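*Asks:* Test case, fold it:
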Amino acid sequence: MDFTLIEKVVQEEYTYKLFRSNFYTGHFLVLAQSKDMMYCASVCTSQDRATELFSQIAQSETPPFTLADILHDFSKQIASV
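*Replies:* Prediction:
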């Protein structure tokens, strides 16, 4: 699958990347990594909402292992709207 990097944020401990899928419209990949761990997950939403969510994750220095719960909750919230 082909992705385009939209944004990258490097904090002291963590690096965050937001990618847009070039194949599936409205699908984004969020990647969080440190020296010891990495997690990535996809979310289906608009680019504005994906960018807003990504900014909140990066600004709060969310550890990679909690990213799954955040993206799962975000996906449930979108599905209920």
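
*Asks:* hey, what's the closest residue to Gly26 other than its chain neighbours bridged with?
*Replies:* Nearest non-adjacent residue to Gly26, counting by Cβ to Cβ, 6 or more residues apart in numbering: Cys44, 5.4 Å away. Heads up, the C-betas are built off the backbone N, CA and C, glycines and all. With DSSP bridges applied, Cys44 shows beta-bridge pairing to His27.

*Asks:* mean confidence for the host helix or strand of Ala41?
*Replies:* In the assignment (DSSP states H and E), Ala41 maps to strand 38-44. Strand 38-44 comes out with an average pLDDT of 89.

*Asks:* Next SSE downstream of that strand?
*Replies:* Heading C-terminal from strand 38-44, the first helix or strand you meet, by DSSP H and E, is helix 47-59.

*Asks:* Point out the other helices and strands that that following helix packs with.
*Replies:* strand 3-10, strand 15-21, strand 27-33, helix 64-79 (3 or more Cβ pairs under 8 Å, 6 or more residues apart in numbering; DSSP states H and E).

*Asks:* That helix to helix 64-79, inter-axis angle?
*Replies:* Helix 47-59 runs at 150 degrees relative to helix 64-79, counting by axes from the mean of the first three to the mean of the last three Cα atoms, to 10 degrees.

*Asks:* Strand 3-10 and helix 47-59, what's the angle between them?
*Replies:* Put simply, helix 47-59 runs at 30 degrees to strand 3-10, going by the same axes, to 10 degrees.

*Asks:* Give me the contact list for helix 47-59.
*Replies:* Applying Cβ atoms under 8 Å, 6 or more residues apart in numbering, the contact partners of helix 47-59 are 6-7, 9, 11, 16, 18, 20, 28, 30, 32, 43, 45, 67, 70, 74, 78.

*Asks:* Show me what counts as buried in it.
*Replies:* For helix 47-59, burial by neighbour count (16 or more other Cβ atoms under 10 Å) applies to 50-51, 53-54, 57-58.

*Asks:* Check the gap between Ile70 and Gln11 for me.
*Replies:* Distance of Ile70 to Gln11, computed by Cβ to Cβ, to the nearest Å: 16 Å.

*Asks:* Show me which of the buried residues of helix 47-59 is closest to Met37.
*Replies:* Proximity to Met37 was ranked across the buried residues of helix 47-59 by Cβ to Cβ; first place goes to Ile57, at 14.9 Å.
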